[in-house]
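Asker: pasting the sequence and the predicted model now:
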Amino acid sequence: MKAVGIGIVLVALWSCVVSEIYEEADPCDTSKCFLPNCRCSDIRLNLTLNELEIPQLVSVTFDDAITALIYTEVIDLFKKIVNPDGCKAKVGFYVSHEYTDYSKVHSLWAQGHEIGLHSITHGTDSDYWKHATAELMMEEFGQQIDIIERFANINRKDIKGLKVPYFEISGDNSFVVADKLGLLYDASWSTQYLTDPGLWPYTMDYRSIQDCPIGTCPTASIPGFWINPLVDWTDDFGNKCVMMDACVVEDDSVEGIFQMMMKNFMVHYKGNRAPFGLYLHAAWLEKGDHNLEAFKLFLQFLNEKPDVYFSTPSQVIDFVKNPKTGIPFDNCRKTTRESCRSRLCPVKKESTGEDRWMTVCGQCPEVYPWLGNPTGKAQKKTTRRTRSTTKATTPLVKQNKLPVEDVSQTQEGTASNSRLLFPKFTRN
Ligand SMILES: *[C@@H]1O[C@H](CO)[C@@H](O)[C@H](O)[C@H]1NC(C)=O
C-alpha cells in the first residue's frame, strides 16, 4: 500500500515537471499562433494592406546606470514632448546596478517611464555573458529585481523586460531565465538582416527567423514570451550598429548626425512601420560638440509627425498584441505618486573594499548590495554567504542530465541541441 502511494506521488510529481518543460521550438504555424499571446516572427504586421496606416512607434531607451546627472538630462530632453494622442512621451531604461541612484529610478518609474534590467555587475566583457550559466543569470537579473524593488521602492510587476549586456545571446539561458522571472519580453537580440523592412516583435512559441549576429540562437519554445528585436541601424559607412551611439557619421556636424538618424528612421517610416529604436547610452549626449543638439532636433522632427508615438518597449509589445491603425493606445501610461524618502548612504563594496555612495529610498543597506547579497546585509565572518532570495533551481538538460555548469560548454559554437528543462513559475 505504502509503496503504491509513493509511486502515485512520484508519477504525479514527474508529470507535473514534464508538463512544464521548455520544448524545442517548431517552425511557426499561423493557424496555431495568433494574437494577442502568440505571434510568428515576421516582417509583416498583417494589420492592413496599406502599412503606412500603421502608427509609427519610436522607442528611446538608455542603458546602464541611472545617475542624478542622467536623470536631469533625460527629463529635460523629454519634458516638452507630447505624443499626438496628448500623452506625454515615455522612454525606457535598462539599468545596471553599480553607481545607480535608486531615488532617481523611483522618480522615473513614478513618472511613467519604464525600468528594465541590465544586470547587477554588467559583467566585465561579452565573454562573461557568453559563458554565464542559467544559474548565474538568475542571480544577475533575479536579484536585480530584488534590489530595485527594495531600494527604488518600485512594484516588481512593473519590471517587464531585460537587456543582457553586450547583446550577448547564449542559446536559451537568458530567455528561459527571463520567462522564469515572470518578465514579458527580451530586448537583447539584435538583427542585421531583417532591417529593411524591419522585424516586428514576436513571441518565442515557435522557431524564430531572426539571425543571431552576436552569440548563439535560442532553440527552445517559450510560449507567450516576447522578443523586442533590436533592428540594427546602418551608419554612413554601411556598417550595422545596434546602439545608435555606435554608428559612425561621415560628417560630425549637427546636420550630419541628424541626417544619419533621419536616414535610418525613414527605412521604418516609409517602409513597414516596424517599431523604430533609438537605443543609446546617455553619456553619448555629452560626447562631441553636436550630439545633444542633433538629438534634440531629431526628437523635435519626430514629434511634428502626426503618426509618430514615443513609446516604451512594453508599450510596443502591448501595441503588437492588439494592433490598430490610428491612435495606438487607449490610455496614457500610468503614473504614480512619488513615495521615496531619499537617503544617501556611504557603503563599502565588499568584493573590492571600495567605498560607494548609494542613494536609496528608505533604509540604507549595511554594505553595497551585490551579486549574492542583494539586500546589502553585512555578513558575519563565521557564517556562510547567503544566496539569492530568488534562488535558481538547478535545471536539467535532456539526454545526459548535465549539471547546469556544463550547459554553456554544450552551447558554444552552433546552436546546441540540448534542451533546458526548467520548471516554470510566475511572479506573483
Ligand atoms: C502575414 O501574412 C502572410 C501572408 O498571408 C503570412 O505568410 C504570414 O505568416 C503572416 N504573418 C503573421 C505574423 O501572421
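Answerer: Everything's here; your move.

Asker: close to the ligand: what parts of this protein are there?
Answerer: Applying the criterion C-beta under 6 Å from any ligand atom, the portion of the chain that neighbours the ligand consists of 30, 39-40, 42, 44, 46. Every C-beta, even on glycine, is put in place using the N, C-alpha and C of the backbone.

Asker: of the residues you listed, just the buried ones, PyMOL syntax please.
Answerer: To isolate the buried ones among the residues of the chain next to the ligand in PyMOL, judged by 16 or more other C-beta atoms under 10 Å, type:
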select buried, resi 39+40+42
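
Asker: show me the helices in the stretch 251-400 of the chain, by range?
Answerer: Using DSSP state H, counting those that start in this stretch, the helices of the stretch 251-400 of the chain run over residues 254-269, 283-286, 291-303, 313-321.

Asker: need these in TSV (columns: distance to residue 24).
Answerer: Supplementary listing: the helices of the stretch 251-400 of the chain in TSV, determined by distance: least, C-beta to C-beta, whole Å:
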stretch	distance to residue 24
helix 254-269	32
helix 283-286	40
helix 291-303	41
helix 313-321	24
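
Asker: can you show me the strands along the stretch 151-300 of the chain?
Answerer: In the stretch 151-300 of the chain, strands defined by DSSP state E, counting those that start in this stretch lie at 161-162, 169-170, 185-186, 190-191, 202-204, 215-216, 222-227, 230-231, 233-234, 240-241, 276-281, listed in chain order.

Asker: which one of those strands lies closest to residue 108?
Answerer: Go through the strands of the stretch 151-300 of the chain one by one with C-beta to C-beta and the one that ends up closest to residue 108 is strand 161-162, at 14.7 Å.

Asker: from the stretch 201-350 of the chain, which residue is nearest to the ligand?
Answerer: Proximity of the stretch 201-350 of the chain to the ligand (C-beta to the nearest ligand atom) peaks at residue 202, 7.1 Å away.

Asker: got the contact list for that residue?
Answerer: If you count contacts by C-beta atoms under 8 Å, 6 or more residues apart in numbering, residue 202 has them with 39-42, 208, 226-227, 229, 320.

Asker: what's the farthest-apart pair in those residues?
Answerer: By the measure C-beta to C-beta, the contacts of residue 202 have their two most distant members at 208 and 320, which lie 14.8 Å apart.

Asker: re earlier: how about the residues of the chain next to the ligand in TSV, adding pLDDT and secondary structure?
Answerer: Shown next, in TSV, are these (pLDDT from 0 to 100; DSSP: H, G, I helix; E, B strand; the rest coil):
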residue	pLDDT	secondary structure
30	96	coil
39	98	coil
40	98	coil
42	98	coil
44	98	coil
46	97	coil
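
Asker: for the residue of the stretch 201-350 of the chain closest to the ligand, list each beta-bridge partner.
Answerer: For residue 202, the beta-bridge partners are residue 227 (DSSP bridges).

Asker: what about residue 204, distance to residue 273?
Answerer: When distance is defined by C-beta to C-beta, to the nearest Å, residue 204 is 23 Å away from residue 273.

Asker: neighbour count: these two, which is higher?
Answerer: Neighbours were tallied for residue 204 and for residue 273 using other C-beta atoms under 10 Å; the higher tally belongs to residue 204 (27 against 22).

Asker: neighbours of the nearest residue to the more buried one once chain neighbours are set aside, just the number please.
Answerer: The shortest distance from residue 204 to any non-neighbouring residue, by C-beta to C-beta, 6 or more residues apart in numbering, is to residue 222 (4.0 Å). One way to gauge burial is a neighbour count; for residue 222, by other C-beta under 10 Å, it gives 23.

Asker: give the contact list for residue 222.
Answerer: In this structure, residue 222 makes contact with 22, 172, 175-176, 179, 203-205, judged by C-beta under 8 Å, 6+ apart.

Asker: same check on residue 96?
Answerer: Going by C-beta under 8 Å, 6+ apart, residue 96 touches 63-65, 118-122, 165.

Asker: so which residue is smack in the middle of this protein?
Answerer: A centroid search over the chain (C-alpha atoms, centre = their mean) returns residue 162, at 2.5 Å, as the residue closest to the centre.

Asker: ok so, going back, tabulate the strands of the stretch 151-300 of the chain (CSV), appending mean pLDDT.
Answerer: Converted to CSV, those look like this (pLDDT from 0 to 100):
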stretch, mean pLDDT
strand 161-162, 98
strand 169-170, 92
strand 185-186, 98
strand 190-191, 98
strand 202-204, 98
strand 215-216, 92
strand 222-227, 98
strand 230-231, 98
strand 233-234, 98
strand 240-241, 97
strand 276-281, 98
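
Asker: with distance to residue 95 as added columns, please give these in CSV.
Answerer: Below are those laid out as CSV (distance: least, C-beta to C-beta, whole Å):
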stretch, distance to residue 95
strand 161-162, 10
strand 169-170, 20
strand 185-186, 16
strand 190-191, 20
strand 202-204, 24
strand 215-216, 22
strand 222-227, 20
strand 230-231, 17
strand 233-234, 23
strand 240-241, 22
strand 276-281, 12
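
Asker: ok, which of the ones you listed comes nearest residue 339?
Answerer: With C-beta to C-beta as the criterion, residue 339 lies closest to strand 161-162 of the strands of the stretch 151-300 of the chain, at 23.4 Å.

Asker: neighbours around residue 346, how many?
Answerer: Residues lying near residue 346 (other C-beta under 10 Å) number 10.

Asker: surely it is in contact with residue 354?
Answerer: No - assessed by C-beta atoms under 8 Å, residue 346 is found out of contact with residue 354, at 11.6 Å.

Asker: if the residue nearest to the centre of the chain is in a bridge, with which residues?
Answerer: Listed by DSSP bridges, the beta-bridge partners for residue 162 are residue 117, residue 186.

Asker: am I right that it is in contact with residue 116?
Answerer: Yes - between residue 162 and residue 116 a contact is recorded at 6.0 Å, counting by C-beta under 8 Å.

Asker: overlap in contacts of these two?
Answerer: 94, 187.

Asker: which of the residues of the chain next to the ligand lies closest to residue 103?
Answerer: Distances from these to residue 103 were compared by C-beta to C-beta; the smallest belongs to residue 39, at 37.6 Å.

Asker: mind listing what the closest one touches?
Answerer: With the criterion set at C-beta under 8 Å, 6+ apart, residue 39 makes contact with 33, 200-203, 320.
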